[in-house]
Each structure stands twice: as structure tokens, then as C-alpha cells.
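next one to model:
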Amino acid sequence: MMRSRVPLVLTVLLAVTLTALPTVGRARRPAGIDRAVQLTATIEGSGVYGAGVLVDPAAGFLLTAFHVVKDMQRPRVTFSDGVQAIARVVDTDPRLDVALLQIPPQPARPAPTFGDATALGPGEEVFAVGAPRRLAFTVSRGIVSFVGRIVDGVPYVQTDIPINEGNSGGPVVDEHGALVGMMSFIYRGAQGLSFAFPLQQARERFASFLRRGVSAPAAAPQAAATSPAARPTSGPSRWPSHD
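Numbering: from 1, shown residues only. Purely as a prediction, here's the structure:
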């Protein structure tokens, strides 16, 4: 009596089908995320904790949020490889909530790649690097919700990146790893509403220092009452994303 070939045929078909299936591997990380982490620093002092981003390694210039450093006496900067330095505040702009710091030159760190925040579009993926709840060098992911959201007369990139205390001043990078923004604030009591200040505008604000590569004497701290991150606004309360 002839033996059935059905099990054999099914086995062969199953083997062919499994072979034809695409290989599922790990999702590819966006290029430049490692570079962004290397350029990110935690900033701590006087009981306040936040983040910053190195925008000119050769001159040692970092950008951060003004509300992170406004009450700091000796901001301590720490990079992901453990290197530390005491920074000095070179200049600040409370209205834009940005500050320029300087530490000794960091020539061994990678050169930053800058992107254009105004070229972003809703739905594009973006990443934030910071120290949420003191968990240093945490990378968070989200999408662009709105570009050019005006809050207190200042344009921001609105995202849904999950942000916590300690993220303020940290960089926001696009899906290619280019630096496009700096995390500024969230709406208290809301979810998925985080706002980044365009990094190119922060660089333009301090262009005279960045072009020269040397700093002027440190600016005197300005009144925090004009800082958008240090006071509530009309409507939902605006809350700085630092501890």
C-alpha cells in the first residue's frame, strides 16, 4: 500500500514559507544619537539639576535653559564619559529662556551636526537627551506635533516627547541625529505637551560669542520674573522641565 505524501509536502511548504519570511532584527538607531549623547552634559548646582548641549567643543561653549542656571553659583558640568568641569555663565536671555556657558575646551568630543527646526514637519520623529528624574543621559523618543507654536511671543517646536524634571536644557535631535532644539518646558497637568526652543535661534542669540570662540566677562544674573519658564502663563500652567 502506498504511503501518504501529504505530511512530507506540508513540511516542505512550511520550510519554504519560513525561509521566505523577512528577517526581523533590531530597529536601526538613527544616525547621530551616539554623537548627541556625547555632546550632552548634566548641569548641577545649588540644588538644581538639568542638562545642556555642547555646541562648540573647541571653545567649550554649551547651551542650556536659563531657568536651569539662574540660581546656580558654580554650575558643575558632567559628560557621559565621566569628565567634569565647573562652568561659568557667559550670557543669558531670560525672555528666550536660554543661557550660554563655557568650560575648558573639549577637542576630543565629536563635532556637532546642526539641523533646521523650522524644516521639521508634524509627525516627524525626534529624540531628547537629558537627565529626567536624575537619570542622566536618558534618550526619549516622540514626534513633532507643531512647528512654530507661539508661547509668550516666543516660537517653539511642540512635541509629544515624554519629559520630566531634569530634561530642561538638553538637546532635541531629528531622525538623522542633527541638533534641532533644546528642551525648555512642559504644560503642567497635561500629557504629551513638551516644547523645545529651536537651537539655531539660541546659537544666533549668542552668535557674537560663538563666532569669536572666546567669552566676555560673565553676565550678571537677570531677574527671573521675566523668564517664561519661571512663572505660570495664562491658560494651562507652564512648567520648567528641570529639578
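
where does the chain have low pLDDT?
For the chain, residues meeting the criterion pLDDT under 70 lie at 1-31, 212-243.

the longest strand along it pairs with which strands, and in what direction?
Secondary structure of the chain per DSSP state E: the longest strand is strand 138-151. Using DSSP bridges, the neighbouring strands of strand 138-151 in the sheet come out as strand 125-130 (antiparallel), strand 154-159 (antiparallel).

deepest-packed of those strands, please.
Using mean count of other CB atoms under 10 Å, the stretch among these with the greatest mean number of neighbours is strand 125-130 (a mean of 25). Any C-beta I mention is one placed from the backbone N, CA and C, and that applies to glycine too.

how far off centre is it?
Average the C-alpha atoms of strand 125-130, do the same for its chain, and the two points are 5 Å apart (CA atoms, centre = their mean, to the nearest Å).

make residue 1 into 58 and carry on from there
Sure thing, new numbering starts at 58, so read that last one as strand 182-187.

how about residues contacting it?
Residues outside strand 182-187 that contact it (CB atoms under 8 Å, 6 or more residues apart in numbering): 87, 90, 93-94, 97, 107-108, 110, 177, 194-201, 214, 216, 218, 220, 223-232, 237-238, 240, 251, 253, 298.

which of these are buried?
Neighbour counting by 16 or more other CB atoms under 10 Å classes 87, 90, 93-94, 97, 107-108, 110, 177, 194-197, 199-201, 214, 216, 218, 220, 223-232, 237-238, 240, 251, 253, 298 among those as buried.

so which of those are in strands?
Filtering these for strands - DSSP E - leaves 97, 107-108, 110, 195-197, 199-201, 214, 216, 228-231, 237-238, 240, 251, 253.

quick one, helices of the chain?
Listed in chain order, the helices of the chain (DSSP state H) span residues 63-77, 90-96, 123-126, 256-262, 264-269.

related to what we said a few turns ago, now the strands paired with strand 195-208 in TSV, with distance to A144?
As requested, the strands paired with strand 195-208 are arranged in TSV below (distance: least, CB to CB, whole Å):
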stretch	distance to A144
strand 182-187	17
strand 211-216	24
